[in-house]
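Q: give me the fold of what follows.
(2 chains)
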Amino acid sequence: MKNVWIPVIFAAFALSACVTINIYFPAAAAEKAADKIIEEVWQTPKPAANQPDVKEIK
Amino acid sequence: MNAVLKFLVALVALTAALNVFAAADLEVNTPGVNAIKQSMQARHAQLAGHYTSGAVGLTADGLIALRDAGAVPLAQRQAVNALVAAENNDRNALYAEIANVNGHPEWQAEIRSTFAQRWIQRAQPGWWVQSGGGWKQK
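A: This next block holds a predicted model:
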């Protein structure tokens, strides 16, 4: 009776595994990471680091 | 049988949860990334003057280029070329390293284009940046 569910669960697992492989690019996180690195490489003052936040609000 | 079902449900939930976490953040605090960052930071002291003079500009593909050799005295030109080449090596390595440590080497192009936009956006007034195929002074 419960055996019916086993293929369903396996299908769901397979599907979620597919999603994990085709993971989307985290654009916002990448931008934040880039800003952090640029800030350190260029030694730009902190106020400039807040620019993207201001933009996000807009 | 119930236990097997529960285990499988938990496995699906875990996979989904990991998926969400993996997408939420990008790891950049690794020894490899930090080493490249420090090398670039040290080099920036030498490059800053060339950005200001317009000799070196920021390209649309996340690198730098010698855009006005005339702005550099002949005697220094070779040194500037070496600086540009070394900086571009580091930048290429940085984009590859970030993609690799996050387990997605295929993200390298997107990381590069994200950096390209941010370098240009954060460039100081007076620096030259590539936009729409040509050079533009900020």
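
Q: now residue B:6: which helix or strand?
A: Taking DSSP states H and E as the criterion, residue B:6 maps to helix B:2-24.

Q: which helices and strands sit right next to the next helix or strand after that helix?
A: Counting by DSSP H and E, the next helix or strand C-terminal to helix B:2-24 is helix B:31-53. Packing contacts for helix B:31-53, counted by 3 or more CB pairs under 8 Å, 6 or more residues apart in numbering or on different chains; DSSP states H and E, involve helix A:27-42, strand B:56-58, helix B:74-101. Using the backbone N, CA and C atoms, a C-beta is placed for each residue, glycine as well.

Q: want to throw those into a markdown table with distance to residue B:50 and mean neighbour count?
A: As requested, the helices and strands packed on helix B:31-53 are arranged in a markdown table below (distance: least, CB to CB, whole Å; neighbours: other CB atoms under 10 Å in any protein chain shown):
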| stretch | distance to residue B:50 | mean neighbour count |
| --- | --- | --- |
| helix A:27-42 | 14 | 19 |
| strand B:56-58 | 4 | 24 |
| helix B:74-101 | 6 | 17 |
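
Q: any chance of the ones you listed in TSV, with mean pLDDT too?
A: Compiled in TSV, these are given as follows (pLDDT from 0 to 100):
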stretch	mean pLDDT
helix A:27-42	95
strand B:56-58	97
helix B:74-101	97
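
Q: near chain B, which residues of chain A are found?
A: Residues of chain A found near chain B (CB under 8 Å from any CB of the partner chain) are A:2-3, A:5-6, A:9-10, A:12-13, A:16-17, A:19-20, A:23-27, A:29-38, A:40-44, A:48, A:51.

Q: mind putting the helices and strands packed on helix B:31-53 into JSON lines with distance to residue B:9?
A: As requested, these are exported to JSON lines (distance: least, CB to CB, whole Å):
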{"stretch": "helix A:27-42", "distance to residue B:9": "29"}
{"stretch": "strand B:56-58", "distance to residue B:9": "51"}
{"stretch": "helix B:74-101", "distance to residue B:9": "32"}
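
Q: if we compare these, which one ends up closest to residue B:126?
A: Proximity to residue B:126 (CB to CB) singles out strand B:56-58 among the helices and strands packed on helix B:31-53, at 11.1 Å.
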